[in-house]
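quick one: sequence plus predicted model below, questions after.
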Amino acid sequence: MPDQSILQTSFRLGSLELANRIVMAPLTRNRATPETLAANDLMAHYYRQRASAGLIISEATQISQQGQGYINTPGIYTPAQVEGWKKVTQAVHAEGGKIYLQLWHVGRVSHVSLQPDGGAPVAPSAILAKTKTYLAQGFAEVSAPRALETSEIPGIVQDYYNAAQNAKLAGFDGVEVHGANGYLIDQFLRDGSNHRTDSYGGSIENRIRFALDVTKAVLRVWEPSRVGFRISPASPANDMQDSNPQALFGQLVKALDGLGIGYVHVNEAPAADGSAFDFAALRRHFRQAWIANFNYTAERAAETINAGRADLIAFGRLFISNPDLPRRFELGAPLNALDQATLYGGTDKGYTDYSSL
Ligand code: 8OZ
């Protein structure tokens with residue numbers, strides 16, 4: 001086995017000392033309490049079991065009702081939701097772990113049945129995504145979105161600000177802005193989904209404006225080292241495309257570097273047509289920490305960190321089925337298999353019943 005000891009070394013993320021380089025990726029599991037969309041004891045148990053990660057990034061958490069796109073995802077916009085998340089942060093901290101909250105607005109990846117007053121989901125432009133969501137009744141095509149008025153944008157930025165404050169009240173160590181996977185921020189970034197003619201559309205400078213407005217709002221609450229930003233620059237997920245992703249994400253990462261945030265987290269999912277994306281070039285635009293994610297094994301993770309291509313590696317599916325993933329990596333122990341059927345919603349089954357060594 002090639003030397004993987006780098007994974008077990010500590011890492012200084014701004015003012016936080018992480019115990020190892022193994023990050024738990026944000027993972028949608030749809031187990032919030034249905035009536036309140038608050039985190040609960042079952043979720044606290046799940047995160048507690050995984051607290052040996054150097055850093056946990058919470059599942060994507062909507063900043064408003066408008067920002068919800070799937071059944072039973074948690075929110076961070078009501079007092080009950082703040083109280084629910086306190087159970088989670090206290091559980092993780094009791095085990096010596098660290099946890100950031102991922103701030104989420106789905107934009108057009110939603111359904112009228114989840115929206116305030118049954119209205120249309122909102123998006124930069126009124127362009128329907130060819131993608132599905134899942135609701136109480138099962139999978140469904142997303143609903144046709146309406147384009148946001150320019151005058152509505154400050155209100156959404158304010159929702160991010162309030163959510164960032166609530167995250168602090170709930171005891172999180174920091175926040176990650178979800179700018180990936182075809183949700184609202186990503187819809188503004190890429191020109192396949194953003195056909196706006198105001199100051200939020202057109203040039204790259206304009207298309208990154210919303211991402212930067214949101215990040216600046218979060219930075220009024222959190223010191224820069226406690227803020228991360230997630231991107232998926234090549235991924236076609238949720239019907240995304242862009243005419244020049246290398247230029248777009250290069251400029252975005254440079255601007256995030258200028259804001260001094262603590263890390264960029266890159267989902268390295270490849271383009272649909274297999275065209276190459278130069279992730280290393282992006283990394284050169286950013287001076288703080290770099291988190292890479294996408295089907296990494298322990299071996300590739302160690303190689304990537306040793307080669308200086310990332311500081312930390314996030315693991316998603318492996319952390320679902322292996323609550324003690326860092327220890328298993330350390331020992332070279334066998335890994336539990338994943339049960340696909342229990343990923344999204346349900347009970348403790350396939351959630352908190354995966355074994356530790
Ligand atoms: C899987 C299912 C639902 C949502 C993402 C928040 O892709 C998600 C998500 C993933 O970022």
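Noted; the coordinates are in hand. Residues are numbered from 1 along each chain as shown.

could you give me the average pLDDT of whichever helix or strand residue 48 is part of?
In the assignment (DSSP states H and E), residue 48 maps to helix 41-49. Average pLDDT, helix 41-49: 98.

do the same with stretch 216-225
98.

list the buried ones in that stretch?
For stretch 216-225, burial by neighbour count (16 or more other Cβ atoms under 10 Å) applies to 217, 218, 219, 221, 222, 225. In this view, the C-beta of every residue, glycine as well, is placed from N, C-alpha and C.

do the same with stretch 347-357
350, 351, 352, 354.

same check on stretch 252-269?
In stretch 252-269, counting by 16+ other Cβ under 10 Å, buried: 252-253, 255-256, 261-269.

stretch 274-290 now?
Result for stretch 274-290 [16+ other Cβ under 10 Å]: buried residues 277, 279, 282, 283, 285, 286, 288, 289, 290.

what sits up against it?
11, 13-14, 225, 233-234, 245-246, 249-250, 253-254, 256-257, 260-264, 266, 268, 270-271, 292, 309-312 (Cβ atoms under 8 Å, 6 or more residues apart in numbering).

change it to 7 Å
13, 233-234, 245-246, 249-250, 253-254, 256-257, 261-264, 266, 268, 271, 309-312 (Cβ atoms under 7 Å, 6 or more residues apart in numbering).

just these: which are in helices?
245, 246, 249, 250, 253, 254, 256, 257 (DSSP state H).

in the stretch 51-200 of the chain, which spans are helices?
79-94, 153-169, 184-189 (DSSP state H, counting those that start in this stretch).

out of those helices, which is closest to the ligand?
Comparing those by their distance to the ligand (Cβ to the nearest ligand atom), the top pick is helix 184-189, with 9.3 Å.

could you find the closest non-adjacent residue to residue 262?
In this structure, residue 262 finds its nearest non-sequential neighbour in residue 225, 4.1 Å apart by Cβ to Cβ, 6 or more residues apart in numbering.

list the contacts for the one you found?
Per Cβ under 7 Å, 6+ apart, neighbours of residue 225: 13, 14, 15, 262.

was I right about the second one contacting residue 226?
In this case it means residue 14. Yes. Residue 14 is within contact range of residue 226, at 6.4 Å (criterion: Cβ atoms under 7 Å).

same drill for the two, tell me which one is more crowded.
Using other Cβ atoms under 10 Å as the criterion, residue 14 and residue 226 rank with residue 226 on top: 25 against 18.

list the contacts of that one.
Going by Cβ under 7 Å, 6+ apart, the list of residues near residue 226 reads 14, 173, 174, 262.

how about the last one, what does it touch?
When the contact criterion is Cβ under 7 Å, 6+ apart, the partners of residue 262 are 13, 14, 174, 224, 225, 226, 227, 228, 288, 289.

any chance of those residues in a markdown table, plus distance to residue 128?
As requested, these are exported to a markdown table (distance: Cβ to Cβ, whole Å):
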| residue | distance to residue 128 |
| --- | --- |
| 13 | 39 |
| 14 | 40 |
| 174 | 35 |
| 224 | 37 |
| 225 | 39 |
| 226 | 37 |
| 227 | 32 |
| 228 | 30 |
| 288 | 37 |
| 289 | 37 |
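
let's have these in JSON lines, adding distance to the ligand.
Converted to JSON lines, the contacts of residue 262 look like this (distance: Cβ to the nearest ligand atom, whole Å):
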{"residue": "13", "distance to the ligand": "21"}
{"residue": "14", "distance to the ligand": "24"}
{"residue": "174", "distance to the ligand": "18"}
{"residue": "224", "distance to the ligand": "23"}
{"residue": "225", "distance to the ligand": "23"}
{"residue": "226", "distance to the ligand": "21"}
{"residue": "227", "distance to the ligand": "18"}
{"residue": "228", "distance to the ligand": "14"}
{"residue": "288", "distance to the ligand": "22"}
{"residue": "289", "distance to the ligand": "20"}
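
which of the residues you listed lies closest to residue 111?
residue 228 (28.5 Å; Cβ to Cβ).
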